[in-house]
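Peer 1: Have a look at this fold, sequence not included:
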């Protein structure tokens, strides 16, 4: 294949096409070549987008994993990279440019008008390419939405991790801890004692560790004070243990 012009001359000279005296008749072969090139190009783009969709949705899944029933349970978050969003935007701009050129060809052929140059089957093929291109743009839009959702999922996961840490460390702060309780564990409810059961031991452990490090840094200068504080906490801990046993025995009697 030297060029489209040489191919057109060869096809007409070989007798495959009857000679014509109109401009539209001379471009029939060129239009078919362009139609074939557009069809091949959009199929390649579609295959790449489908491959990209499997990659970001399944990650490093093998061919056997694709046919498993838990395919919908795979994570969308792991395979995404920071450069993925830029790649999606670039591809979307390319498809927008292709849509403009395809629409320009359709307008030049007057497809859909009474003065259409192309025949019925050719007009349907050009319209079909336009539909395929619109479907590819929608597919790419769905990938962009999935990317945004993946980012939000990662952010929610980070927030959940911080919340888990807060569940352990926030009760040390009495005000924040009380406000964080809800339902039966809220202030004044039946199970509000759980807050104290969690916060007091954590507070004791934190203070012991804090004052122990202070005592080590002061080389025993405040050792007597630390011992007094630890003894006071030990007495509170023993009293709290007796109260907890009394509640447990009372519940057993009620049951």
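Peer 2: Structure received. Please read all numbers here as calculations on a predicted model, not as lab measurements. Numbering: from 1, shown residues only.

Peer 1: Show me what the helix or strand harbouring residue 147 is packed against.
Peer 2: Element membership for residue 147, per DSSP states H and E: helix 120-169. Helix 120-169 sits against helix 28-58, helix 82-108, with contacts defined as 3 or more Cβ pairs under 8 Å, 6 or more residues apart in numbering; DSSP states H and E. Quick note: C-beta positions are derived from backbone N, CA and C, even for glycine.

Peer 1: Let me know which of the ones you listed is the nearest to residue 9.
Peer 2: helix 28-58 (9.4 Å; Cβ to Cβ).

Peer 1: Now the closest one: average pLDDT?
Peer 2: Averaging the model's pLDDT scores along helix 28-58 yields 81.

Peer 1: Can you check what angle separates that helix from helix 82-108?
Peer 2: 160 degrees (axes from the mean of the first three to the mean of the last three Cα atoms, to 10 degrees).

Peer 1: For the strand or helix carrying residue 208, what does the pLDDT average out to?
Peer 2: Assigned by DSSP H and E, residue 208 belongs to helix 193-217. Helix 193-217 shows a mean pLDDT of 70.

Peer 1: repeat for stretch 124-133
Peer 2: Mean predicted confidence for stretch 124-133 is 88.

Peer 1: what's next to that stretch, contact-wise?
Peer 2: 35, 38-39, 42, 46, 95, 98-99, 102-103, 105-106, 109, 111, 118 (Cβ atoms under 8 Å, 6 or more residues apart in numbering).

Peer 1: out of these, which are buried?
Peer 2: Neighbour-count burial (16 or more other Cβ atoms under 10 Å) applied to the contacts of stretch 124-133 gives 35, 38, 42, 95, 98, 102, 105-106, 109, 111, 118.

Peer 1: and the two most separated of those?
Peer 2: Largest separation among these by Cβ to Cβ: 95 and 118, giving 23.4 Å.

Peer 1: Distance check, residue 120 against residue 131.
Peer 2: 16 Å (Cβ to Cβ, to the nearest Å).

Peer 1: whoops, I mixed them up, residue 207
Peer 2: Using Cβ to Cβ, residue 207 is found at 70 Å from residue 131.

Peer 1: more neighbours, the two?
Peer 2: The residue with more neighbours, out of residue 207 and residue 131, is residue 207; 15 against 9, by other Cβ atoms under 10 Å.

Peer 1: What separation is there between residue 99 and residue 138?
Peer 2: The gap separating residue 99 from residue 138 is 12 Å, by Cβ to Cβ.

Peer 1: whoops, I mixed them up, residue 200
Peer 2: 58 Å.

Peer 1: And for residue 92?
Peer 2: In this view, residue 92 and residue 138 are 11 Å apart by Cβ to Cβ.
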